[in-house]
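1. take a look and give me a structure for this.
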Amino acid sequence: MSKFLDLLKEKIIVFDGAMGVSLQVMNLSIDDWGGPQFENCSENLLYTRPDAVEKVHTSFLDIGCDVIETNSFGGSEVVLTEAIPVLPSGKPDLAALKGGKNVTPTGTNPAAER
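-> Predicted coordinates:
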């Protein structure tokens with residue numbers, strides 16, 4: 001935590017944003033989403049198209065974001081059970097974390113410590 005606070009004293013830290021919009025503009029098919037019941041459920045893309053999620057993460061790093069957030073905004077068990085009870089019972093938050101971690105070293109902003 002102290003490293004993060006020290007960095008804040010030196011510069012403005014840029015976080016990513018608009019994961020959902022970034023996925024929408026990819027024009028993914030219904031099959032990519034996992035079927036009609038999962039359309040627009042970006043958390044399911046962690047299972048069906050992790051490459052699409054990783055592509056968005058990479059694009060954020062490539063433009064200079066210092067921090068990428070996981071694709072798990074609606075990934076809590078409570079939300080998913082209410083909204084889409086048939087979502088795989090795996091851990092969406094863990095899948096999101098793995099997806100973000102996969103792209104972290106590939107950002108093209110060499111000045112940024114990641």
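2. run through who's touching the helix or strand harbouring Leu5.
-> Using DSSP states H and E, Leu5 falls within helix 2-10. When contacts are defined by C-beta atoms under 8 Å, 6 or more residues apart in numbering, helix 2-10 is touched by residues Ile13, Asp66. The C-beta positions use only the backbone N, C-alpha and C, and glycine is treated the same way.
3. check stretch 14-26 too.
-> The contact list for stretch 14-26 (C-beta under 8 Å, 6+ apart) reads 40, 42, 45, 52-53, 55-57, 59-60, 64-69, 71, 73.
4. in helices, which of those appear?
-> When DSSP state H defines the helices, the subset of the contacts of stretch 14-26 inside them is Leu45, Ala52, Val53, Lys55, Val56, His57, Ser59, Phe60.
5. neighbours of the first one, just the number please.
-> Put plainly, it is Leu45. The local packing of Leu45 (other C-beta atoms under 10 Å) involves 26 other residues.
6. got a list of what it touches?
-> Neighbouring residues of Leu45 by C-beta under 8 Å, 6+ apart: Leu23, Leu28, Asp32, Trp33, Gly34, Ala52, Val53, Asn71.
7. okay, it: pLDDT?
-> For Leu45, the model assigns a pLDDT of 88.
8. how about the fifth one?
-> You'll see Val56 listed with a pLDDT of 93.
9. nearest residue to it other than its sequence neighbours?
-> The shortest distance from Val56 to any non-neighbouring residue, by C-beta to C-beta, 6 or more residues apart in numbering, is to Ser22 (4.4 Å).
10. surely that neighbour is within a helix?
-> Yes. The secondary structure assignment for Ser22 places it in a helix, going by DSSP: H, G, I helix; E, B strand; the rest coil.
11. can you count the residues close to it?
-> A total of 19 residues lie near Ser22 under the criterion other C-beta under 10 Å.
12. repeat that for Ala18.
-> Residues near Ala18, counting by other C-beta under 10 Å: 11.
13. how near is it to Asp51?
-> Here the distance between Ala18 and Asp51 works out to 19 Å (C-beta to C-beta, to the nearest Å).
14. what does Asp32 give?
-> 10 Å.
15. and if you look at Asn71?
-> In terms of C-beta to C-beta, Asn71 sits 12 Å off from Asp51.
16. cool, thanks, talk later.
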